[in-house]
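Novice: Return a 3D structure for these sequence lines:
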Amino acid sequence: TNIVTSVEISDGYSNDHGYFKPLLEAAAENGFTLKEVSADKAYLSGENLLTTLRHEAIPYIPFKSNSVPQSRYTPKSQVWTRMFEFYNLHRAEFLDHYHQRSNIETTFHMIKAKFGQRLRSKSLTAQINEALCKVLCHNLCVVIQSMHELNITPEFSNAA
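Specialist: Numbering: from 1, shown residues only. So this is what the prediction gives:
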């Protein structure tokens, strides 16, 4: 659906790795059922693999070219080792799931194409709000499009 399930705004120079766990947990807390999580190599760590499994989802995060199985110098978790073995023994199946990640890039493209690539606001607070509004408007457009394509009638609760 290209729905954005959770958002964290950072400066342009932040390391993305630290955002994996909070974003994944926010998506789960917001009622999304996680079955698979695809992420690029920047998110590869035992902690991120374990966090994904704790939410009963399968992590599809490819391994780096310098990733090696357990050795006495680089102890790895059991989760890391098992995913590394799956990655090496069933590469085609792994990559079929991993390439769902291209949907993420499509979502970014959709937002930038519809609402522009740049932020126009001057202050940091206004820029954050502008970025969040772009994501919110994108989600509304996706919901409206899905309503028409799938002939769905929305039901809104009174609490909203």
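
Novice: ok, and what's touching the strand or helix carrying residue 27?
Specialist: Residue 27 is part of helix 20-29, with elements assigned from DSSP states H and E. Residues from elsewhere that reach helix 20-29, judged by C-beta atoms under 8 Å, 6 or more residues apart in numbering: 5-8, 34, 37, 39, 43, 47-48, 51-52, 55. C-beta: built from backbone N, CA, C; applies to glycine.

Novice: what's the answer for stretch 44-59, then?
Specialist: In contact with stretch 44-59 (C-beta under 8 Å, 6+ apart) are residues 17, 20-21, 24-25, 28, 34-37, 39, 61-64, 67, 76-77, 79-80, 83, 97.

Novice: Tell me the strands beside the helix or strand following the helix holding residue 27, with direction?
Specialist: Using DSSP H and E, the helix or strand that follows helix 20-29 towards the C-terminus is strand 36-38. For strand 36-38, the pairing partners within the sheet under DSSP bridges are strand 58-60 (parallel).

Novice: list the buried ones in whichever helix or strand comes after the partner strand?
Specialist: Sequence-wise, the next helix or strand downstream of strand 58-60 (DSSP H and E) is helix 78-89. For helix 78-89, burial by neighbour count (16 or more other C-beta atoms under 10 Å) applies to 79-80, 83-84, 87.
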